[in-house]
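Novice: Kindly generate the corresponding structure for this input.
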Amino acid sequence: MKTIGLIGGMSWESTQTYYRLINQRVSQQCGGFHSARVIVNSVDFAEIVAYQQAGDWPRAGVALAEAAGQLQRAGCDLFAIATNTMHLVADVVQAAVTIPLLHIAEPTGRALHAQNHTCIALLGTRFTMEKMFYRDYLQQHFDITSLIPDDAERDDIHRIIYQELCRGEIRDESRQRYIAIIAHLKQQGATAVILGCTEIGLLIGEHDSDLPVVDTTQLHAHALADASLN
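Specialist: Purely as a prediction, here's the structure:
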């Protein structure tokens, strides 16, 4: 079994979900008392948020590259960034180490492609929705077009993530707002919705959506577990 390195803490609310899902997957695959070999390097999210808000992506990349280097020196065989947004600096982080990075959009795109989805709704932080790194990955690797909410909807999605979900606050009124946004994107032609922030799965599940739900946290965690076993 290979050792997984996880750059977490962005936020720790979703990092603990990663840890649970990875271990559950290994247990299901191996049986008995087996659990995953995982080393978590949990960064201080306040520092990362400050870089995000300032638009200082180079410094954010350096911070995560340092975290990746620490995981490699600790003996990890592969690693992941346990957040969608910070894949904006994925190339910089990967360049800093020789162990492979499992990109979060890879298992997401594979799942969508397997279900023949070519036009999807993308929910996430403003950075994930508005910058092209995520949408370009899906388009270039899987020929999938991403629809994003309108400006006011993006404001609400982003606010709920940072002011509520990252702090462990789950509010029904926020769930209803997300449900309405998903329904609006369905009207525009989306056939599935990506929960493109690792905290959104804390709020929205399959039963809440008018569209099939693609939970990036679950897919990423399962792909990490499978890679460690294969």
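Novice: Please name the nearest non-neighbouring residue to H117.
Specialist: Residue nearest to H117 in three dimensions, not counting chain neighbours: A192, with 4.6 Å by C-beta to C-beta, 6 or more residues apart in numbering. Every residue, glycine included, has its C-beta placed from N, CA and C.
Novice: D226 versus the one you found, what's the distance?
Specialist: With the distance defined as C-beta to C-beta, to the nearest Å, A192 ends up 22 Å from D226.
Novice: All the helices of the chain, residue numbers only.
Specialist: 12-30, 45-54, 57-73, 90-95, 105-114, 126-130, 133-142, 151-163, 172-187, 216-229 (DSSP state H).
Novice: Can you tell me which of these is nearest to S209?
Specialist: Closest to S209 of those, according to C-beta to C-beta: helix 172-187, at 5.2 Å.
Novice: Show me what the closest one is in contact with.
Specialist: The list of residues contacting helix 172-187 from outside it, by C-beta atoms under 8 Å, 6 or more residues apart in numbering, reads 121, 123, 147, 149-150, 153, 156-157, 160, 164, 193, 200, 203-204, 208-211.
Novice: How about stretch 205-222?
Specialist: Contacts of stretch 205-222 (C-beta under 8 Å, 6+ apart): 14, 17-18, 21-22, 25, 80, 82, 84, 102, 104-105, 107-108, 111-112, 115, 117, 120-121, 175, 178-179, 182-183, 185-186, 190-198, 201, 204.
Novice: Report back the residue of this protein that's furthest from centre.
Specialist: In the chain, the greatest distance from the average C-alpha position (C-alpha atoms, centre = their mean) is reached by G32, at 29.2 Å.
Novice: one step back: just say which of the helices of the chain is most tucked in.
Specialist: helix 216-229 (a mean of 22; mean count of other C-beta atoms under 10 Å).
Novice: avg pLDDT for that one?
Specialist: Computed over helix 216-229, the mean pLDDT rounds to 97.
Novice: Run the chain-centre distance for it.
Specialist: Using C-alpha atoms, centre = their mean, to the nearest Å, the distance from the centre of helix 216-229 to the centre of the chain it belongs to is 11 Å.
Novice: before we move on, what about stretch 154-173?
Specialist: 16 Å.
Novice: same check, this time on stretch 173-191
Specialist: Relative to its chain's centre, stretch 173-191 lies at 19 Å (C-alpha atoms, centre = their mean).
Novice: returning to that earlier point: for the residue nearest to H117, grab phi and psi.
Specialist: A192 adopts backbone torsions of phi -160, psi 160, taken as degrees, to the nearest 10.
Novice: Next, work out how far apart G69 and D151 are.
Specialist: Plainly put, G69 is 38 Å away from D151 if you go by C-beta to C-beta.
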